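Q: structure for the following, please:
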Amino acid sequence: IKTAVSCTGPYVYGTTINCTVTVTDTWPVAASRRTPTGTITVDTLLNRLTGASCSLVTINSSSSSCTVVVTPTDTGSMVLKATSYTSTSDHYLVLPILCPLLLCNVTTQSITVGSAPLVITADSASRDYGTANPTFAVSYATFKNSDNEDDLLGSLSCTSTATSSSDVNTYPINCSGLSSKLSTLYPLSSTPHYAITWAPGTLTVEKADLYITADDQPRGYGQPNPTLTASYATFVPGDDETDLDDPVGCTTTAIDTSPVGEYPITCEADADNNYELHFTAGKLTITDADLVITADDRSRVVGAANPTFTVKYATFQGTDDEGVLGGALECTTTADSNSPVGDYPITCSGLTSDNYSIDFVAGTLHVLAAPGGSLPGGSGSYQAGGAVEVDVHDFKPGSTVIVNGCGIVDGEIVIDANGNGHATFPIPADMDTSKCELTLTGTDNADAPAEIEMTMEVLGLVPTGSSSLSLGLTAGLALVLGFGLVLLGRRRYAWR
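A: Predicted coordinates for the structure are as follows:
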């Protein structure tokens, strides 16, 4: 029997090889030759192949062949030959014994099995900006012969140029540290099972989420808006708002004159390289401004009507005035025209506002004594060419009372600090017996014009030899307040 093996490459670890095996009956007597049938096995010394048997197919009357698909389980040099033939013919029963003993005529083929390519690729990974790099992993393409990463030598090590503070971007992942085993069955081989190629992966640093919330703010009506601020949740360690590519700005729809109420505060910024910005609105709450309405203090004298009451405001905002208030102002007092001298409260109410918190403060109505006057010399003798004394009281301190009439022109009575005054005026010598009016004009304690009228009768000179002269006097006193005239009393002077 003659066996021959012929294989075609490439010859790579773990990669199948197609080998044609031919079996020929070389029996010396040609007539006795038979067509070989059965199965044939191909292998190497130390069994460095797998899958090495095939069934023979007839070529001619004395030859058969088949194709064996074998897979190298080692690297380096090896010799392929037919190592076993199992015949289905009685003629070849001896062959299974003789061929292993090399009694068959065997033609071999020598091959060199090279390393299989093994690409170790770093798996792509991702993480958020500001966080630590993840544990890197790899993928293998492709192991042979049921091998796995445990069949490699060394320790896997993968690194990236990115650090926790690296900006959002992509960064390479590079791995190393593993090598392939050499032949374990044939120590002379220096060819590893795998020729390892390292392929980098990609680490993608993605944006970190940053939540920006506008801070709620209060302010009073009419005031400028406060500085609008925001809170951040959360920057990565070491960062703050100054690290954003564009500063965050906050605005509100409220202006200085916006009425009381709530207004949105919104913040925004251009897109940032390292942060995914998420904005939440806040609110600006405008509250009532304080407005104090105070009744003005007023004065009047006894018997006069109450004056018109007025108020002052502290303080309107901006260009506001009383025209922005609702309702109607009403001010009252407990005093009437018959009330005696004293102080009486002035209370106001009736005004309303949505934008002001109104506080009404009472004022005071001062009811003062009315001015008066008298002629204290009425019990003496008054005659033409003589003099008349005039007393006044309850005029405005420091003012001057002007006296006219009965021959007196623009006479003056200076009022002292207590509101009193006294003066003596000459009676012209050429006056005939007559009644005349003295008019006293001045200012009362309520700072209003006041006028007093007094009527007196002056008798001329008594002829020589006549009886003694006595003066009878009636005088009238009137107080003019505004346009009203009040008659207070009369005195009359007369001769007896």
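
Q: output the lowest mean pLDDT helix or strand found in the protein.
A: Within the chain, judged by mean pLDDT, DSSP states H and E, the helix or strand with the poorest mean is strand 484-495; its value is a mean of 28.

Q: and the helix or strand harbouring residue 175, what's buried?
A: Here residue 175, judged by DSSP states H and E, is contained in strand 169-180. Along strand 169-180, these residues count as buried under the neighbour rule (16 or more other C-beta atoms under 10 Å): 171, 173, 175, 178, 180. (C-beta placed from N, C-alpha, C; glycine too.)

Q: any idea how far the fourth one is from residue 136?
A: What it means is residue 178. Using C-beta to C-beta, to the nearest Å, residue 178 is found at 13 Å from residue 136.

Q: how many other residues sit next to residue 163?
A: Around residue 163 there are 10 other residues, counting by other C-beta atoms under 10 Å.

Q: swap in the one 4 residues further on?
A: The burial metric for residue 167, expressed as a neighbour count using other C-beta under 10 Å, is 10.

Q: wait, doesn't it sit right on residue 245?
A: No: under the criterion of C-beta atoms under 8 Å, residue 167 makes no contact with residue 245, lying 10.5 Å away.

Q: what touches both of the two?
A: Residues touching both residue 167 and residue 245 by C-beta atoms under 8 Å, 6 or more residues apart in numbering: residue 273.

Q: residues in contact with residue 237?
A: Counting by C-beta under 8 Å, 6+ apart, residue 237 makes contact with residue 130.

Q: low pLDDT regions in this protein?
A: 89-104, 184-189, 378-382, 459-496 (pLDDT under 70).

Q: quick one: the helices in it, in order.
A: Taking DSSP state H as the test, the helices found in the chain are 95-98.

Q: who does the one residue sitting closest to the centre of it bridge with?
A: Nearest residue to the geometric centre of the chain (C-alpha atoms, centre = their mean): residue 214, 1.5 Å. For residue 214, the beta-bridge partners are residue 230 (DSSP bridges).

Q: that one reaches residue 248, doesn't it?
A: No: using C-beta under 8 Å, residue 214 is not in contact with residue 248, being 9.3 Å away.

Q: okay, and the common contacts of those two?
A: 230, 267.

Q: for the stretch 351-496 of the chain, which segments count as strands?
A: 356-361, 363-368, 372-374, 387-393, 400-405, 408-414, 421-426, 434-443, 449-458, 471-481, 484-495 (DSSP state E, counting those that start in this stretch).

Q: pairing partners for the fifth one, with directions?
A: In the sheet, strand 400-405 lines up against strand 408-414 (antiparallel), strand 434-443 (antiparallel) (DSSP bridges).

Q: what comes into contact with that strand?
A: Residues outside strand 400-405 that contact it (C-beta under 8 Å, 6+ apart) are 390, 392, 395, 410-415, 421, 423, 425, 436-442.

Q: mean neighbour count, the strands paired with strand 400-405: which tops it?
A: strand 434-443 (a mean of 18; mean count of other C-beta atoms under 10 Å).

Q: contacts only, for residue 273.
A: 167-168, 207, 245.

Q: of the residues you listed, closest to residue 29?
A: residue 168 (87.5 Å; C-beta to C-beta).

Q: and the strand holding residue 175, how far out from the chain middle?
A: 44 Å (C-alpha atoms, centre = their mean, to the nearest Å).

Q: show me what that strand is packed up against.
A: In terms of contacts (3 or more C-beta pairs under 8 Å, 6 or more residues apart in numbering; DSSP states H and E), strand 169-180 is packed against strand 116-122, strand 152-160, strand 194-199, strand 201-206.

Q: then that strand to CSV, C-alphas only?
A: Extracted in CSV, the C-alpha atoms of strand 169-180 (Å, rounded to 0.1, in the frame of the first residue of the first chain):
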residue,chain,number,x,y,z
ASN,A,169,-14.6,65.3,24.1
THR,A,170,-13.5,61.9,22.9
TYR,A,171,-10.3,60.3,24.1
PRO,A,172,-8.4,57.1,23.1
ILE,A,173,-8.4,54.0,25.2
ASN,A,174,-5.2,52.0,24.7
CYS,A,175,-4.6,48.5,26.1
SER,A,176,-1.6,46.2,26.4
GLY,A,177,0.0,43.6,28.7
LEU,A,178,-1.1,40.3,27.1
SER,A,179,0.9,37.8,25.0
SER,A,180,0.3,34.5,23.4
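
Q: quickly run through the sheet partners of that strand, with directions.
A: strand 152-160 (antiparallel), strand 201-206 (antiparallel).

Q: next, the angle strand 116-122 makes with that strand.
A: 150 degrees (axes from the mean of the first three to the mean of the last three C-alpha atoms, to 10 degrees).

Q: which other residues reach strand 169-180?
A: 115, 118, 120, 122-125, 136, 138, 149, 152-162, 192-196, 198, 200-205.

Q: buried among those? Make that a PyMOL selection.
A: To isolate the buried subset of the contacts of strand 169-180 in PyMOL, counting by 16+ other C-beta under 10 Å, use the following:
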select buried, resi 115+118+120+122+125+136+138+152+158+160+162+192+193+194+196+198+201+203+205
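
Q: show me what contacts residue 226?
A: When contacts are counted by C-beta under 8 Å, 6+ apart, residue 226 touches 217, 219.

Q: so that it lines up with my notes, have the first residue be 210 from now on.
A: Taking 210 as the first residue, the last one we looked at is residue 435.

Q: wait, residue 474 touches residue 428, no?
A: No: if you go by C-beta under 8 Å, residue 474 and residue 428 don't touch, sitting 11.4 Å apart.

Q: hey, what's in contact with both of the two?
A: In contact with both residue 474 and residue 428: residue 493, using C-beta under 8 Å, 6+ apart.

Q: these two: which has the busier surroundings?
A: Under the neighbour definition other C-beta under 10 Å, residue 474 and residue 428 were set side by side, and residue 474 has more, 23 against 17.

Q: okay then, goodbye and thanks.
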